[in-house]
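Novice: Give me coordinates for this.
(one chain, ligands or ions: 1)
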Amino acid sequence: MVTTTQTNANDTYVFDQAWQRELERLRLLEALFDPASRRYLAAVGVGPGWRCLEVGCGAGGVALWLADRVGPEGGVVATDLDPRFLEGHGRPNLEVRRHDLLSDPLEPGGFDLVHARAVVMHVADRERALAHLVAALKPGGWLVLEDVHFGGAAAALLARYTVSAAEVPAWERLWRAAAAVFVAAGADPSFGERLPAALLGAGLEEVGAEVHAPLVAGGPAAGFIPLSVEHLRPRLLALGLATEAELEHWRRVFADPSTRYLMLLMVTAWGRRGRTSG
Ligand SMILES: C[S@@+](CC[C@H](N)C(=O)[O-])C[C@H]1O[C@@H](n2cnc3c(N)ncnc32)[C@H](O)[C@@H]1O
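Specialist: Numbering: from 1, shown residues only. Here you go, the predicted model:
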């Protein structure tokens, strides 16, 4: 069942759940990063009886895994601006909410674990979003926050891993153009690099972080980055950030099985609310 609270549209989100290939795109994101997210969540100890909050649940892979992991004694609340992909999930311990992280309420001190991946970078007021996530933690509860970094210096760094080397300049242009779309919308394509400082600044304890990025092969099957570029195509063209010829060049390189490229850097950061706080 999906419950609804009063939701204000957050127009900084550059993608759209209603796009005809969005579920496919989000599942490709999960295939790339769910295995790592599960390892980090297991490492903070999530297990039977925990009460968890999954914010911006997307296609729902992490929320479903959490629901199985916490079992019947525990519970998971999964939220999203548009939670359509988790409807009809059939788990009695998983509540799905249509909810805007910036403007809708969350139970204060309600959760042993709060997790969000590739969400806070998209919201206009990231400091406020983080404050809402921290306030939802029980004393001693864990925040695991994951966000990407592909803007600024990261665009050049990511491009350097591209095979073949001849494609490095085109790849750097692609990362820079995608980052510019995010910035134009009010999102931050480099928010990942700020996570450790943000968690420390929020007063969390036992703060740690890791940066990871899988190498991906090109080929005829759809990939997360090719589908993301297809989704952003109208904005890339309208903002003058790419030409039809560049889009066609990137499409050919994505489809080439000999291509290898580094996915965007994912920063996973974690921290714990003090046991005496709040
Ligand atoms: C890039 S997707 C990531 C989905 C999922 N967390 C994952 O990593 O597989 C971002 C998700 O955050 C949601 N989202 C964006 N802004 C939000 C907000 N202000 N409040 C709640 N969800 C939001 C979007 O609807 C989308 O499902």
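Novice: Tell me how many other residues crowd Leu102.
Specialist: For Leu102, the count of nearby residues is 17 (other CB atoms under 10 Å). Where C-beta positions appear, they are placed from N, C-alpha and C, glycine not excepted.
Novice: Each with direction, which strands does the longest strand belonging to the chain pair with?
Specialist: The longest strand of the chain (DSSP state E) is strand 137-149. Strand 137-149 pairs in its sheet with strand 111-117 (parallel), strand 265-272 (antiparallel), by DSSP bridges.
Novice: Switch those strands over to a markdown table, and while doing so, append mean neighbour count, distance to the ligand and mean pLDDT to every line.
Specialist: Output for the strands paired with strand 137-149, formatted as a markdown table (neighbours: other CB atoms under 10 Å; distance: least, CB to the nearest ligand atom, whole Å; pLDDT from 0 to 100):
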| stretch | mean neighbour count | distance to the ligand | mean pLDDT |
| --- | --- | --- | --- |
| strand 111-117 | 25 | 4 | 98 |
| strand 265-272 | 22 | 9 | 98 |
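Novice: one step back: send me the longest strand of the chain as PDB with only the CA atoms.
Specialist: C-alpha atoms of strand 137-149 as PDB (Å, rounded to 0.1, in the frame of the first residue of the first chain):
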ATOM      1  CA  LEU A 137      17.600   8.800  13.600                       C
ATOM      2  CA  LYS A 138      17.100   7.200  17.000                       C
ATOM      3  CA  PRO A 139      19.900   8.000  19.500                       C
ATOM      4  CA  GLY A 140      22.600   5.500  18.400                       C
ATOM      5  CA  GLY A 141      21.000   5.000  15.000                       C
ATOM      6  CA  TRP A 142      23.100   5.000  11.800                       C
ATOM      7  CA  LEU A 143      22.900   7.200   8.700                       C
ATOM      8  CA  VAL A 144      24.300   5.700   5.500                       C
ATOM      9  CA  LEU A 145      24.300   8.300   2.800                       C
ATOM     10  CA  GLU A 146      25.500   7.600  -0.700                       C
ATOM     11  CA  ASP A 147      26.000  10.300  -3.400                       C
ATOM     12  CA  VAL A 148      27.800  10.600  -6.700                       C
ATOM     13  CA  HIS A 149      30.700  12.700  -7.800                       C
END
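Novice: is it up against the ligand anywhere?
Specialist: No: using CB under 6 Å from any ligand atom, strand 137-149 stays clear of the ligand, coming no nearer than 7.3 Å.
Novice: residues in contact with the helix or strand following that strand?
Specialist: As assigned by DSSP states H and E, the chain's next helix or strand after strand 137-149 is helix 153-159. Outside helix 153-159, the residues that touch it by CB atoms under 8 Å, 6 or more residues apart in numbering are 150, 168-169, 171-172, 174-176, 179, 190, 193, 213, 261-262, 264-265.
Novice: that older thread, buried by neighbour count: which residues of the longest strand of the chain qualify?
Specialist: 137-138, 141-149 (16 or more other CB atoms under 10 Å).
Novice: Report the rounded mean pLDDT for that strand.
Specialist: Per-residue pLDDT values over strand 137-149 give a mean of 98.
Novice: Next, count neighbours for the closest residue to the ligand within the stretch 51-200 of the chain.
Specialist: Nearest residue of the stretch 51-200 of the chain to the ligand (CB to the nearest ligand atom) works out as Gly58 at 2.5 Å. Per other CB under 10 Å, the neighbour tally for Gly58 reads 26.
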